[in-house]
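[1] take this sequence and fold it.
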Amino acid sequence: MRWSVLSLVSFTMLCMYYLADLMAPLEERLQANLLWSGSDYGFFTSGYGWFNVFLLMLVFSGMILDKMGTRFTGILAILIMIAGASVKYWGIAGNMEGTVQLSIGSWEVLSPRTKSAVVAGLGFAIFGVGCEMFGISANKAIVRWFRGKEMALAIGLNTSTGRIGTALAMFTPIPLVTATGSLSMPVLISLLALCIGLLVFSLFTVFDRRLDREETETNREPPFRFSDMIDIAKNRGFWYITILCVLFYSAVFPFIKFAVKLISQKFEISDTFAGYIPALLPAAALVLTPVFGSLYDRRGKGASIMLVGSCLLVAVHLLFSIPSLNSFYAAIGLVMVLGVAFAMVPSAMWPSVAKIIPERKLGTAYAITFWVQNWGLMGVPLLIGYVRDKYCIEDTIIKVVDGQEKTVSLYNYTLPMLIFAFFGVVAILFSILLKKEDKKKGYGLELPNMTRK
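    Reported below is the predicted structural model:
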């Protein structure tokens, strides 16, 4: 039964990640057809975290999850994602012209932005609320069904299924746009996939209700209390994992958002083919995340796995920053190694939170971790977009895009890659601190997850 539950939850994760990442291969087309600048694209990408960060929607999502349960929160999350995807589709397909600017007195709240980028960013922000809400719901559901069993393997398989969505988002959008002539077609298809995901998750709720009936009152944990947030805030090990999370994901997901154009220009290949190379990253994670999860379940060493993954992250970004390293095969190799790191850290990180925090507080704990992570997912794309336009433009060329001649900027990506590498260095420091805290407090992060009977 638990493996059936995992497959239902994971399918919706696949649909969710596909919509989250599908605009990355289309950056150049967005600039050419919708007149977006590099900063507009960074602004749109950062929209994912606006409401989660500034309106604390993620924190509220965690409280809703711990109060109302995974079934209610999961359905609500999918409905929010569908609403956000609809607005995002309108922004891309609406043929909007002009710019949007917002000022309060002499304070410029929003610098001039292309109107379609603002609307698409708003949709992405709404989608981001549902996406993160569903992410924490899925993690808590899996912990509930797999605690004392193959917990890290199950979380790894769920994460890997999400990586399939990311991989599909890397190489399917451009062929879809080419075949249909519509820049918004990938968004429309992902919107329909989310509707299917809603039906699939509804089936999960049937299984989960059955588990409720099988549980006795004695083995149910006491309900969540708001005072539990204070206990979470006092836990140093929890904060080490949370900071490690934001640093690690800030060096991976924003990289994916910019990777297609980076690889296309650095290695002088078409953006269509360049989209296949970043797709190797989630493909490698797809295979290896369950492997490392199973290793953690049976052998332990969760904190050590996170440390090694952070070291690999630094090595890859430093090598990508070298201008003379422009071999096509080097790009493939580096992305594959980054995929190994992308498998190692999440496979150990999310089960480790469940070892440190009791289950009744777990939804809120995951929500706080995701909230801090969203600061990185919101801020880093803005930072990279600004740095590229300010310091990294080497030249502009006339390029034929979708049968039309367009002006395209050529970037030097050394500085952005060094920024990503810096995040990895700090992640190593917090991995070491986590190992020391685990040794001091005895959380069992280096011990197996599976209990022997």
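
[2] what ranges does this structure have for its strands?
    Remark: strands assigned in the chain by DSSP state E are 99-104, 107-114, 393-401, 404-411.

[3] shaky segments in the stretch 201-350 of the chain?
    Applying pLDDT under 70 to the stretch 201-350 of the chain picks out residues 215-227, 271-272, 275.

[4] mind listing what's buried along the lengthiest helix in the chain?
    The single longest helix within the chain, with elements called by DSSP state H, is helix 115-146. For helix 115-146, a neighbour-count test (16 or more other CB atoms under 10 Å) marks 116-146 as buried. All C-beta atoms are positioned from the backbone trio N, CA, C, and that covers glycine.

[5] ok, stretch 410-419 next?
    Under 16+ other CB under 10 Å, the buried positions of stretch 410-419 are 411, 412, 413, 416, 417, 419.

[6] what's the closest non-adjacent residue to the fifth one?
    To tie it back to what came earlier, the one meant is residue 417. For residue 417, ignoring the flanking residues on the chain, the nearest one in space by CB to CB, 6 or more residues apart in numbering is residue 321 at 3.6 Å.

[7] neighbours around that neighbour, how many?
    For residue 321, the neighbour count with other CB atoms under 10 Å is 18.

[8] enumerate every residue touching it.
    Applying CB atoms under 8 Å, 6 or more residues apart in numbering, we find residue 321 in contact with 413, 414, 415, 417, 418, 421.

[9] quick check: residue 281 vs residue 343, distance?
    Residue 281 sits at a distance of 10 Å from residue 343 (criterion: CB to CB, to the nearest Å).

[10] still on that earlier bit, got the phi/psi numbers for the residue nearest to residue 417?
    Dihedral pair for residue 321: phi -80, psi -10, per degrees, to the nearest 10.

[11] got it, and the one 3 residues further on?
    Backbone torsions for residue 324, taken as degrees, to the nearest 10, come to phi -80, psi -10.

[12] and the pLDDT at the residue nearest to residue 47 when sequence neighbours are not counted?
    Spatial nearest neighbour of residue 47, excluding adjacent residues (CB to CB, 6+ apart): residue 121 at 3.4 Å. Looking at residue 121, its pLDDT reads 91.

[13] do the one 10 residues further on as well
    The confidence metric pLDDT takes the value 93 at residue 131.

[14] check contacts around it.
    Applying CB under 8 Å, 6+ apart, one finds that residue 131 lies in contact with 16, 20, 48, 77, 81.

[15] do the same with residue 187
    Per CB under 8 Å, 6+ apart, neighbours of residue 187: 19, 22, 85, 88, 89, 92, 93.

[16] so the fourth one sits against residue 124, correct?
    Yes: counting by CB atoms under 8 Å, residue 88 does reach residue 124; the two are 5.5 Å apart.

[17] tell me, how many residues neighbour the closest residue to residue 49 other than its chain neighbours?
    Spatial nearest neighbour of residue 49, excluding adjacent residues (CB to CB, 6+ apart): residue 378 at 2.9 Å. Residues contacting residue 378 under the criterion other CB under 10 Å number 24.

[18] follow-up on the earlier one: taking the contacts of residue 131, tell me the two that lie furthest apart.
    For these, the farthest-apart pair by CB to CB is 48 and 77; their separation is 14.3 Å.

[19] for residue 80, give its distance to residue 140.
    Between residue 80 and residue 140 the distance is 17 Å, computed by CB to CB.

[20] before we move on, what about residue 149?
    15 Å.

[21] do residue 154 as well
    12 Å.

[22] what sits against residue 195?
    Counting by CB under 8 Å, 6+ apart, residue 195 touches residue 82.

[23] next: residue 427.
    244, 247, 248, 251, 310, 313.

[24] let's go with 7 Å and repeat that
    By CB atoms under 7 Å, 6 or more residues apart in numbering, the residues touching residue 427 are 244, 247, 248, 310, 313.

[25] can you lay out those residues as a markdown table showing neighbour count and distance to residue 356?
    Listed next are the contacts of residue 427 as a markdown table, based on neighbours: other CB atoms under 10 Å; distance: CB to CB, whole Å:
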| residue | neighbour count | distance to residue 356 |
| --- | --- | --- |
| 244 | 27 | 13 |
| 247 | 26 | 18 |
| 248 | 28 | 17 |
| 310 | 26 | 19 |
| 313 | 29 | 23 |
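
[26] which ones are touching the residue nearest to residue 49?
    Residue 378 makes contact with 46, 48, 49, 50, 53, according to CB under 7 Å, 6+ apart.

[27] most neighbours among the residues you listed, please name it.
    Among the contacts of residue 378, the one with the most neighbours (other CB under 10 Å) is residue 49, at 28 neighbours.

[28] surely that one meets residue 129?
    No: using CB atoms under 7 Å, residue 49 is not in contact with residue 129, being 9.7 Å away.

[29] how near is the spatially most central residue of the chain to residue 379?
    Centrality entry for the chain: nearest residue to the mean C-alpha point is residue 253, 5.8 Å, by CA atoms, centre = their mean. Per CB to CB, residue 253 is found 12 Å from residue 379.

[30] same question for residue 90.
    Using CB to CB, we find residue 90 at a distance of 26 Å from residue 379.

[31] quick one: the helices in the stretch 201-350 of the chain?
    228-233, 236-250, 253-266, 271-274, 276-299, 302-320, 328-356 (DSSP state H, counting those that start in this stretch).

[32] mind putting those helices into CSV with distance to residue 425?
    Below are those laid out as CSV (distance: least, CB to CB, whole Å):
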stretch, distance to residue 425
helix 228-233, 26
helix 236-250, 9
helix 253-266, 15
helix 271-274, 27
helix 276-299, 20
helix 302-320, 6
helix 328-356, 13
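
[33] can the contacts of residue 187 go into a markdown table with extra columns for distance to residue 276 and neighbour count?
    Shown next, in a markdown table, are the contacts of residue 187 (distance: CB to CB, whole Å; neighbours: other CB atoms under 10 Å):
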| residue | distance to residue 276 | neighbour count |
| --- | --- | --- |
| 19 | 20 | 27 |
| 22 | 14 | 21 |
| 85 | 25 | 28 |
| 88 | 24 | 27 |
| 89 | 25 | 21 |
| 92 | 23 | 26 |
| 93 | 26 | 16 |
